[in-house]
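Q: sequence and predicted model, in that order:
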Amino acid sequence: MIPFDFFNKNFICPDCLSRFKKEISLKLSKQDYYCSNCQKKYPIKKIVYILKNKCNPKKCKFECIKSCKKTAIKKTIIEEKGHFMLNGIIKNIKNPGIIIKDKCNNCRKCIKTCPFNALIAINIPTFLVNEYSKNEDTTRDSKKNNSEIFNLQLRTPIKENEIRPASFLLYKIISRKIKSKEENKITIDNGSGSNLAKSFIQNENILSFDIHTDHNAFYPLDLLVNSEHLPIKKECVNSFISVNVVEHVTNPLKYLLEMNRTLKNNGELIIAVPTPWWHLSKLLSLHHHLNYMIHIIKGPFNFLKNPFKNFNIFWSHEKDCNHENTKETSTLISEIKKFNIIKWEKLFNDSGFIIKERTGAGNIFSNNIFAGKITRKLGNSKKCPIFLVYVLKKRI
């Protein structure tokens, strides 16, 4: 099995690497990886995932919700108070199902009570070091478990009409640039989110790393990790994918340096970053304006207090995607200044990469989900792309 074969050969203690600059190999026990040098243990946790094709809240009595003590149930509205968010209770919602929020502490009571066996627990090695290990809710689990990963789909494979036009155009370019489809070559999606890349590219050799779990992903996460402290030996990875991640991490330079360290000398980093045109495409998107109106209705006093500040923060990218809450002050204007080609390319150069290729992806209308077919046909704009896809080579 690819994940654990690769991990067992190449895992090192990230704490020893950051403190002593030494690569100390980790040993595997039944319930964790442990370091013989600093005696630190990195647990293998069971993370709860949903099989979307089995979950059917219209035909059950919400047994999983009831088993979660901290959750309140209201069958007439979408509820977000507890560990769960009910979806599909209101009529006309397209994708009925139950979505687990990040507050889930993986007690796994919901798995036993589900009448459709729609909830499963998957074993994932957990490497959240320093400040992240203290705050991450998904690491709280003291029960023993075996080191095994299930390679199954948690959602149906992505279809062209179900994906946002901007993402479709972006991943279409990335899929053409992925070369490591052989069995012995490993590609790591560093900041995988819902594992959309693996679903779109259909490459089983892609391993997914992230700092938090998406319980309703297309594929399970392979490693729960802070990507600024990768627990991997140097020069052992064939290629990395990073799709709209570097702008969200706490230390972008450290994030890139870690990928540079672990890449083989002939390896490549395929990285996608937003441009200032991304914000214009968001402003031209109807569904984002609808969300903004709902935002104003829910908090009218905050809006009236300072309308410009409210607008400036709401339309920023960071507020939805930064999970460490280190960039709460990011605004639309500050991000437009930040997302420019010169700054991105300087960052790549400072982290030891050479630019091999640069391709524009998307257009200013491709964030509009209500006109998907039209915006997809417009294709990738050369003058005003909303993403830039770089293929970076390691500087030797």
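A: Structure received.
Q: and stretch 358-365, average pLDDT?
A: In this model, stretch 358-365 has a mean pLDDT of 90.
Q: how long is it from one end to the other?
A: 21 Å (C-alpha to C-alpha, to the nearest Å).
Q: list the contacts for the residue nearest the centre of the chain?
A: Nearest to the geometric centre of the chain sits Gly193, at 1.7 Å (C-alpha atoms, centre = their mean). Counting by C-beta atoms under 8 Å, 6 or more residues apart in numbering, Gly193 touches 210, 214, 217. (C-beta placed from N, C-alpha, C; glycine too.)
Q: in strands only, show me the residues you listed.
A: Asp210 (DSSP state E).
Q: relative to Ile163, which of the contacts of Gly193 is nearest.
A: Ala217 (14.3 Å; C-beta to C-beta).
Q: for the closest one, phi and psi?
A: phi -80, psi 170 (degrees, to the nearest 10).
Q: how near is it to Ile12?
A: 26 Å (C-beta to C-beta, to the nearest Å).
Q: figure out how far the helix or strand that contains Lys393 is from the centre of its chain.
A: According to DSSP states H and E, Lys393 maps onto strand 387-394. Relative to its chain's centre, strand 387-394 lies at 19 Å (C-alpha atoms, centre = their mean, to the nearest Å).
Q: by contact count, what packs against it?
A: If you count contacts as 3 or more C-beta pairs under 8 Å, 6 or more residues apart in numbering; DSSP states H and E, strand 387-394 packs onto helix 165-177, strand 263-274, helix 341-350, strand 353-361.
Q: check which element follows the longest one along the chain.
A: Looking back up the chat, that one is helix 165-177. Beyond helix 165-177 toward the C-terminal end (DSSP H and E), the next one is strand 187-190.
Q: could you pull up the mean pLDDT of the helix or strand just after that next one?
A: With elements assigned by DSSP H and E, the helix or strand that comes after strand 187-190 is helix 196-201. Per-residue pLDDT values over helix 196-201 give a mean of 82.
Q: show me what helix 196-201 is packed up against.
A: Secondary elements touching helix 196-201 (3+ C-beta pairs under 8 Å, 6+ apart): helix 165-177, strand 206-210, strand 237-243.
Q: contacts for whichever helix or strand comes after the shortest one next, please.
A: Past strand 206-210, heading to the C-terminal end, the next element that is a helix or strand (DSSP H and E) is strand 223-225. Strand 223-225 is touched from outside by 3, 7, 45, 47, 124-128, 136, 138-139, 207-213, 231, with contacts defined as C-beta under 8 Å, 6+ apart.
Q: which parts of strand 223-225 are buried?
A: Going by neighbour count (16 or more other C-beta atoms under 10 Å), the buried part of strand 223-225 is 223-225.
Q: tell me the strands beside it, with direction?
A: The strands beside strand 223-225 in its sheet (DSSP bridges) come out as strand 119-127 (parallel), strand 206-210 (parallel).
Q: which of these has the lowest average pLDDT?
A: Confidence, taken as mean pLDDT, is least for strand 119-127 of those (a mean of 85).
Q: nearest spatial neighbour of Ser242, chain-adjacent residues omitted?
A: Leaving aside its chain neighbours, Ser242 sits nearest to Ile271 (4.4 Å; criterion: C-beta to C-beta, 6 or more residues apart in numbering).
Q: again, but for Cys114
A: Nearest non-adjacent residue to Cys114, counting by C-beta to C-beta, 6+ apart: Cys64, 5.2 Å away.
Q: which other helices and strands contact the strand or helix carrying the one you found?
A: Assigned by DSSP H and E, Cys64 belongs to helix 63-67. On a contact count with 3+ C-beta pairs under 8 Å, 6+ apart, helix 63-67 meets strand 84-87, helix 109-113.
Q: so where is the stretch 101-250 of the chain shaky, pLDDT-wise?
A: 101-106, 129-162, 179-184, 204 (pLDDT under 70).
Q: can you rerun that using 90?
A: For the stretch 101-250 of the chain, the stretches flagged by pLDDT under 90 are 101-187, 192-207, 211-224, 226-227, 235-238, 244, 247-250.
Q: give me the mean pLDDT for stretch 278-291.
A: Per-residue scores along stretch 278-291 average to 85.
Q: give me the contact list for it.
A: 166, 315, 317, 332, 335-336, 339, 362-370, 384, 386-387.
Q: same thing but 10 Å
A: 164-166, 244, 247, 274-275, 292, 314-317, 332-333, 335-336, 339, 362-371, 375, 381, 384-387 (C-beta atoms under 10 Å, 6 or more residues apart in numbering).
Q: for Ile241, which non-adjacent residue is closest in space?
A: Asp189 (4.6 Å).
Q: give me the neighbour count for the one you found.
A: 27 (other C-beta atoms under 10 Å).
Q: same check, this time on Gly379
A: 14.
Q: how close does it sit to Leu170?
A: 12 Å.
Q: so what sits against both of these two?
A: With C-beta under 10 Å, 6+ apart, Gly379 and Leu170 have common neighbours 361-362, 366.
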